[in-house]
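J.: when you get a sec, could you give me coordinates for this:
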Amino acid sequence: MTVAVKPTTKEIGYLLNRAARRWNTLFMDRLQKAGVTDIRPAFGAVLVPLFEQDGIRLGQLAQQAGLSKQTVTNIAGRIEDLGYLVRRPDPEDGRAVRVYLTAKGRALERTVGEALAEMEAVTAGLARGLDLDAVAAWLDDLGGQGGGAG
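T.: Numbering: from 1, shown residues only. Now for the predicted structure:
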């Protein structure tokens, strides 16, 4: 005897993965059209928090991204090599490192914002009456950032 599983429960992981890959492809296409060809989707774990609050400690970035400090340090190094950010010792704790956007990083923030505005239009067009705020809250909870079961 097989147990019937609702398609949404059975396929949700696959659908989320497929949607994330498609989102990244569409987003990267928009960045490339704007002349940004050296950014990778993984860089968002470091860049997005910096766009919101510059000068964050690497440990805070890792915690926000749900990644190891080593992974975030590696990503930050790659982004720094591209000239979008700089790492400096934390003046309050010599063992800690803070990350700051450069002028090139601030210019990237504007380009990313424009690309995200285009992606918002694409998303809204596909929403079919869904409450996108509710979807975003659900995804936030599922990702462990919200107050839900994460």
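J.: residue closest to the middle of the chain?
T.: Nearest residue to the geometric centre of the chain (C-alpha atoms, centre = their mean): Gly44, 3.8 Å.
J.: which strand or helix spans it?
T.: Element membership for Gly44 (DSSP states H and E) is helix 44-52.
J.: mind listing what's buried along the longest strand that the chain contains?
T.: Selection of the longest strand in the chain by residue count, based on DSSP state E, yields strand 93-101. When burial is assessed from 16 or more other C-beta atoms under 10 Å, strand 93-101 yields the following buried residues: Val97, Arg98, Val99, Leu101. For the C-beta atoms, the positions are set from N, CA and C on the backbone; glycine is no exception.
J.: then stretch 37-44?
T.: Within stretch 37-44, the residues that qualify as buried are Ile39, Ala42, Phe43, Gly44, counting by 16+ other C-beta under 10 Å.
J.: which residue packs closest to the third one, ignoring adjacent ones?
T.: Setting aside the residues directly before and after it, Phe43 is nearest to Ile79 in space (C-beta to C-beta, 6 or more residues apart in numbering), at 5.5 Å.
J.: doesn't that neighbour belong to a strand?
T.: No. According to DSSP: H, G, I helix; E, B strand; the rest coil, Ile79 belongs to no strand; its state is helix.
J.: list the contacts of it.
T.: Under the criterion of C-beta atoms under 8 Å, 6 or more residues apart in numbering, the neighbours of Ile79 are Phe43, Val46, Leu47, Leu85, Gly105.
J.: quick check, the second one in contact with Asn74.
T.: No. Val46 is not in contact with Asn74 according to C-beta atoms under 8 Å; the separation is 9.9 Å.
J.: any weak-confidence spans in this structure?
T.: Along the chain, the model assigns pLDDT under 70 to residues 1-10, 145-150.
J.: which stretches of it form helices?
T.: In the chain, the segments counted as helices under DSSP state H are 7-33, 44-52, 58-65, 69-81, 103-126, 132-142.
J.: could you list the buried residues of the shortest one?
T.: Pointing back at helix 58-65 there. Using 16+ other C-beta under 10 Å as the test for burial, helix 58-65 gives Leu58, Gly59, Gln60, Leu61, Ala62, Gln64, Ala65.
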